[in-house]
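what would the 3D arrangement of this be:
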Amino acid sequence: PGGRPRRRVAERTIIAFTSDHGELLGDGGLWGKQAVFDPAFRIPLIVCDPRRAAAAGRRVEAPTESVDVAPTLLALLDRETPAPWDGRSLQPWLDGDAPSDWRDAQLMEIDFAEPHRTTAVQRALGADARGCGAAILREARWKLVAFSDPIPPMLFDLQEDPAESVDLAPDPAAAGELARLSLALAGRRIRVGGRGKAHLAIGV
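Predicted coordinates:
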């Protein structure tokens with residue numbers, strides 16, 4: 001008798017398993033999460049909706065972001081995502097659809113500074129608290145890491161160098177990819193940062 005109520009709860013409970021960051025566990029000789037390399041950003045995202053048994057075990061290879069989690073849960077609850085929110089619902093993937101207009105790159109950001117102390121990264125880079133961050137645009141093959149001035153960018157060819165051990169940014173042969181990704185990153189950050197208050201009407 002005690003098992004049936006628990007089964008009823010399980011039958012109407014959506015579960016999302018994820019994390020806020022990855023970890024470097026010796027990758028590239030590094031440890032922890034304060035890095036711009038993939039292991040610091042790769043996290044699990046497992047969604048279980050008992051109403052979608054056919055989706056069990058389905059794996060999504062498309063680039064997703066942490067900001068997709070909240071819109072996904074809202075969509076599964078038949079709620080609208082507020083206009084200024086970033087991210088997109090992953091519900092189509094759970095339903096077996098692949099949106100034709102899905103993103104082809106992930107935007108990631110990291111801040112190496114702390115509000116009340118100077119971090120080791122700040123000291124190593126000679127940067128103040130405002131100049132110790134990075135924005136990253138990661139495609140299937142190419143990855144750009146852009147820092148605040150005067151720190152130069154980093155560029156990796158993930159197809160040829162999945163361990164991100166060779167920075168191609170100084171290589172003249174990679175200048176075209178560096179310029180293309182820099183422009184794409186700027187556009188993506190403008191879209192994300194420029195629409196946060198577009199839905200507000202002051203005094204109305």
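
what about the closest residue to V67 other than its chain neighbours, which SS state?
What sits nearest to V67 in space, not counting adjacent residues and going by Cβ to Cβ, 6 or more residues apart in numbering, is G87, at 3.2 Å. For the C-beta atoms, the positions are set from N, CA and C on the backbone; glycine is no exception. Under the three-state scheme (DSSP: H, G, I helix; E, B strand; the rest coil), G87 adopts coil.

who's in contact with G87?
G87 makes contacts with E65, S66, V67, D68, V69, A70, P71, T81, as judged by Cβ atoms under 8 Å, 6 or more residues apart in numbering.

quick check on it: phi, psi?
phi 90, psi 160 (degrees, to the nearest 10).

same check, this time on the one 5 residues further on
As for P92, its main-chain torsions (degrees, to the nearest 10) stand at phi -60, psi -40.

next, find the distance separating it from F37.
Distance of P92 to F37, computed by Cβ to Cβ, to the nearest Å: 30 Å.

now the strands: where do they sit in the protein?
For the chain, the strands defined by DSSP state E occupy 15-18, 24-25, 31-32, 45-48, 106-111, 133-138, 142-147, 154-157.

for the ones you listed, which has the smallest mean pLDDT value?
Out of the strands of the chain, strand 31-32 stands lowest, with a mean of 78 (criterion: mean pLDDT).

so what's the gap between that strand and the chain middle?
19 Å (Cα atoms, centre = their mean, to the nearest Å).

can you give the contact residues for that strand?
Counting by Cβ under 8 Å, 6+ apart, E23, L24, L25, A40 sit against strand 31-32.

can you rerun that using 7 Å?
Applying Cβ atoms under 7 Å, 6 or more residues apart in numbering, the external contacts of strand 31-32 come out as E23, L24, L25.

paired strands for that strand, with orientation please.
Strand 31-32 has the following strand partners under DSSP bridges: strand 24-25 (antiparallel).

now do the partner strand: everything it contacts.
Against strand 24-25 from outside (Cβ under 7 Å, 6+ apart): L30, W31, G32, A35, F37, P39, A40.

report the buried members of those residues.
For the contacts of strand 24-25, a burial check counting by 16 or more other Cβ atoms under 10 Å picks out A35, F37, P39, A40.

so the last one is in contact with G28, correct?
No. Using Cβ atoms under 7 Å, A40 is not in contact with G28; the gap is 10.4 Å.

could you dump the strands of the chain into TSV with distance to T119 added?
Converted to TSV, the strands of the chain look like this (distance: least, Cβ to Cβ, whole Å):
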stretch	distance to T119
strand 15-18	26
strand 24-25	16
strand 31-32	12
strand 45-48	28
strand 106-111	10
strand 133-138	12
strand 142-147	14
strand 154-157	19
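
for P170, which of the ones you listed is the nearest?
The closest of the strands of the chain to P170 is strand 154-157. By Cβ to Cβ, the value is 8.8 Å.

now that closest one, how far from the centre of its chain.
The answer for strand 154-157 is 17 Å, by Cα atoms, centre = their mean.
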